[in-house]
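> From the sequence below, what's the structure:
(one chain, ligands or ions: 1)
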Amino acid sequence: MSEAKACPCRRGEPFEQCCGPVLAGERAAATAEALMRSRYTAFATGDVDYLRRSWHPSTRPVELELDPGQRWLFLEIVRTERGGPFDDIGVVEFIAHYRADDVRGSLHEVSRFRRENGAWVYLDGVVEQ
Ligand SMILES: [Zn+2]
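Modelled structure (predicted):
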């Protein structure tokens, strides 16, 4: 094995074979879950351009700034609903774990995704308490 770095989304593959090509625009995310993973990886690596590109135009924030004090630790996919190669909508429930100012926390969200012109994009989400 080479010293390839594991992808932050922790699917178990190197970044170059997992979310890397999706962030680079070389490969589309095949499923809503793959898009969710790529967006988590973009948060973890600070790829604001990709976060904006993968956001539905109707809900995309005008300004997007990431908190530099927040480090994303790992992602848990809780469940998925549709979001497959033959669907146009998908739901992904996830828990994203982070550390901010030395305090650990997590974001539990049910996100909705839509496929527009063949490409999955993030529509919106509801934070679970
Ligand atoms: Zn990945």
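> make it CA atoms for all contacts and neighbour counts henceforth
Fine.
> Looks like His56 contacts Tyr122 (just checking).
Yes. Using Cα atoms under 8 Å, His56 is in contact with Tyr122, at 5.6 Å.
> Only alpha carbons, please: show stretch 91-103 as CSV.
C-alpha atoms of stretch 91-103 as CSV (Å, rounded to 0.1, in the frame of the first residue of the first chain):
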residue,chain,number,x,y,z
VAL,A,91,-32.7,11.9,2.3
VAL,A,92,-29.7,11.2,4.4
GLU,A,93,-29.6,11.3,8.2
PHE,A,94,-26.2,11.7,9.7
ILE,A,95,-24.2,12.6,12.7
ALA,A,96,-21.1,14.6,12.1
HIS,A,97,-18.7,14.8,15.0
TYR,A,98,-16.4,17.8,15.6
ARG,A,99,-14.2,19.5,18.0
ALA,A,100,-14.4,23.3,18.6
ASP,A,101,-12.3,25.1,21.1
ASP,A,102,-11.3,21.8,22.7
VAL,A,103,-14.9,20.9,23.2
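> can you tell me how far the most centrally placed residue in the chain sits from Ala6?
By Cα atoms, centre = their mean, the chain has its centre lying nearest to Arg39, at 2.3 Å. According to Cα to Cα, to the nearest Å, Arg39 stands 16 Å off from Ala6.
> Any regions of this protein where pLDDT drops low?
Within the chain, the segments meeting pLDDT under 70 span 1-3.
> Regarding it, what is its longest helix?
helix 32-45 (DSSP state H).
> buried stuff in that helix?
By neighbour count on 16 or more other Cα atoms under 10 Å, the buried set for helix 32-45 is 32-44.
> C-terminal to that helix, what's the next element?
helix 48-53 (DSSP states H and E).
> ok, residues contacting that following helix?
Identification of contacts with helix 48-53 by Cα atoms under 8 Å, 6 or more residues apart in numbering yields 23, 39, 42-43, 60-61, 64-66.
> again, 6 Å this time
The contact list for helix 48-53 (Cα atoms under 6 Å, 6 or more residues apart in numbering) reads Leu23.
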